[in-house]
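[1] Here is my input; please provide its structure:
(one chain, ligands or ions: 2)
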Amino acid sequence: MSPSSPDAALLACQNYDRALVEERAAEAFRLLGGPSSVVSPGESVFVKVNLVVPMSPDRAVTTHPEVVRAVVGQLQSVTDRVVIGESPGGPYNRGVLKRSYERTGMTRVAEETGAALNFDVTETQVALPGAEKMKRLVLCRPVVEADRVVSISKLKTHILMGLTGAIKNNYGCVPGMQKFTYHSRYHDEAEFADLLVDVALAVGADFHVVDAVDGMEGNGSVWGTPRHMGMLAAGRDPFALDCLLGNVLGVRNDLNPPLAAAIRRGLFHGEVGRLEVAGDDPARLTVRGLLMPTKRSAINWLPSPFMRRYSAAMHLRPYVNASRCTGCGKCEEICPAHAISVTGGAAAIEASRCIRCYCCHELCEYGGIDLARPALAFARRSLSPRRS
Ligand code: SF4
Ligand code: SF4
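    Ligands and ions are numbered 1, 2, ... in the order given. From the prediction side, this is the model:
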């Protein structure tokens, strides 16, 4: 990378037309030094996508296959050792991966580009001396053993973390159920945000691309509403990228807890005005009136001491929607607080054990978990989602 390389590249991209996405991705790489500044000939690259649940690309939940195809093409211009992978939410095994790759379009990308799909579900521990939460962290072995890691995230609102983009995408490098073990240990919002920063540091991805052509607003990252954003972004620093994209979406740094944690820890200066951004003018890509998650918009207007004291009562409460629950048992398996049991073909939540992590809401593929308004909803006439 040249010493004068910009902090980020931001490019308009109005749809997933193959030729357009390929041209935009190539331009993003070019502006940041070209693919040979990311990977060298013969090196292996793990392309970490977001496949949180096995949904089709038009749901705007997972990284779009056209973006993956375009980035893989850039990398393959330098090396033929490109592997696409992810540890989706929930159990992590060959069958889960096969279904996930098929439903999200990754199988086709692999067939058409010649890239490999990762089916190695082994894990390894890495030491992280600079971490605040975890001095040792379990990660997917193929991520750790790859010469390079390239992250391709999806820009979405996130009911617990405000936004999910370049920083949070790294959490899918924590294998399978280990994610929920960590989540149960660090379920407080600020603690979980610090953990996400630790994971991002541990993964240390060499290059980040953010698919923000069609993103998500509202109660994401799975059951929000697709929102057209019309851009692709890339860069080497996940904190700078999330800060830039938050600014384009009108989301303050403090409404993105992992970004706020990185700033507090001195990992990033937090000033969008100091970023050198190549490509299109960010002001022309501004997304107006993004719908933030209900939980965040419901509590953001409160003074901090009040918010801290009544935090639990301010948070949305998950409940089972009996008309959609199939009794599949996934939520029982992944609930970090062991608050869910499935009996008689339906899930039930023990409210007193629930830590409001919303993993069940996010990961139920059938929409079987809904969210009830906070107990203190009377404090405001309406707690419906608000626009940024
Ligand atoms: S709520 Fe969803 S994940 Fe839980 S048992 Fe019902 S269908 Fe399965
Ligand atoms: S019931 Fe849902 S929101 Fe509550 S702790 Fe379990 S997974 Fe998290």
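[2] now the helices for the stretch 201-350 of the chain?
    All helices of the stretch 201-350 of the chain, identified by DSSP state H, counting those that start in this stretch, fall at 238-249, 257-264, 294-299, 304-309, 311-314, 330-334.
[3] Out of these, which gets the lowest mean score?
    In terms of average pLDDT, helix 304-309 trails the rest of the helices of the stretch 201-350 of the chain, at a mean of 50.
[4] Which element, helix or strand, includes residue 190?
    Using DSSP states H and E, residue 190 falls within helix 189-203.
[5] If you compare the directions of that helix and helix 238-249, what angle comes out?
    130 degrees (axes from the mean of the first three to the mean of the last three CA atoms, to 10 degrees).
[6] Mind listing residues that contact helix 189-203?
    Residues external to helix 189-203 that are found in contact with it (CB atoms under 8 Å, 6 or more residues apart in numbering): 48, 126, 128, 130-134, 137, 139, 143, 149, 151, 160-161, 167-168, 170-171, 173-174, 182-183, 186, 238-239, 257-258, 260-262, 265, 267, 357. In this view, the C-beta of every residue, glycine as well, is placed from N, C-alpha and C.
[7] Kindly report the same for stretch 326-340.
    Applying CB under 8 Å, 6+ apart, the contact partners of stretch 326-340 are 89-91, 177, 180-181, 183-184, 187, 341-342, 344-351, 353-355, 357, 359-360, 363-366, 368-369.
[8] Which ones among the residues you listed map onto strands?
    Among the contacts of stretch 326-340, the ones falling in strands (DSSP state E) are 341, 342, 346, 347, 348, 349, 369.
[9] For this protein, name the helix or strand with the lowest mean pLDDT.
    Ranked by mean pLDDT, DSSP states H and E, the helix or strand of the chain with the weakest confidence is helix 304-309, at a mean of 50.
[10] What ranges does the stretch 51-200 of the chain have for its helices?
    In the stretch 51-200 of the chain, the segments counted as helices under DSSP H, counting those that start in this stretch are 65-76, 94-104, 106-113, 141-145, 178-185, 189-203.
[11] my guess is residue 365 meets residue 52, correct?
    No - between residue 365 and residue 52 there is no contact under CB atoms under 8 Å: 10.3 Å.
[12] These two - which one has more neighbours?
    Neighbours were counted for residue 365 and for residue 52 using other CB atoms under 10 Å; residue 52 has more, 27 against 15.
[13] Name the nearest residue to that one, ignoring sequence neighbours.
    Residue nearest to residue 52 in three dimensions, not counting chain neighbours: residue 89, with 5.0 Å by CB to CB, 6 or more residues apart in numbering.
[14] Please apply the same query to residue 239.
    Among residues not flanking residue 239 along the chain, residue 268 sits closest, at 3.6 Å (CB to CB, 6+ apart).
[15] ok, that neighbour - how many residues close by?
    That count, for residue 268 with other CB under 10 Å as the rule, works out to 21.
[16] measure it to ligand 1 for me?
    Per CB to the nearest ligand atom, to the nearest Å, residue 268 is found 36 Å from ligand 1.
[17] for residue 236, same thing?
    For residue 236 relative to ligand 1 (CB to the nearest ligand atom), the value is 37 Å.
[18] Let me see the contact set for the closest residue to that residue other than its chain neighbours.
    Nearest non-adjacent residue to residue 236, counting by CB to CB, 6+ apart: residue 207, 6.0 Å away. By CB under 8 Å, 6+ apart, the residues touching residue 207 are 32, 38, 148, 150, 151, 234, 235, 236.
[19] and the closest residue in space to the second one that isn't next to it in sequence, bridged to which residues?
    Setting aside the residues directly before and after it, residue 38 is nearest to residue 207 in space (CB to CB, 6+ apart), at 4.6 Å. The residues paired with residue 207 through beta bridges, assigned by DSSP bridges, are residue 150.
[20] so what are the domain limits for this structure?
    As given by automatic domain parsing, the domain ranges for the chain are 8-285, 294-379.
[21] what's the most buried one of those?
    domain 8-285 (a mean of 21; mean count of other CB atoms under 10 Å).
[22] For this protein, which residues are neighbours of ligand 2?
    318, 335-337, 339-340, 349, 354-360 (CB under 6 Å from any ligand atom).
[23] same thing but at 5 Å, please
    318, 335, 337, 339, 349, 354, 355, 357, 358, 359, 360 (CB under 5 Å from any ligand atom).
[24] quick one, what contacts the first one?
    The one in question is residue 318. Residues near residue 318 by CB under 8 Å, 6+ apart: 349, 354, 356, 358, 360, 361, 369, 370, 371, 372.
[25] What parts of the stretch 201-350 of the chain come near ligand 1?
    325, 326, 328, 330, 331, 347.
[26] just those now: which is nearest ligand 2?
    Each of those was scored against ligand 2 by CB to the nearest ligand atom, and residue 331 proved nearest at 6.3 Å.
[27] With adjacent residues omitted, what lies nearest to that closest one?
    residue 360 (4.1 Å).
[28] wouldn't the one you found be in contact with residue 371 here?
    No - with contact defined as CB under 8 Å, residue 360 and residue 371 do not form a contacting pair (10.0 Å).
[29] Surely residue 62 touches residue 68?
    No - counting by CB under 8 Å, residue 68 is not a contact partner of residue 62; they are 9.6 Å apart.
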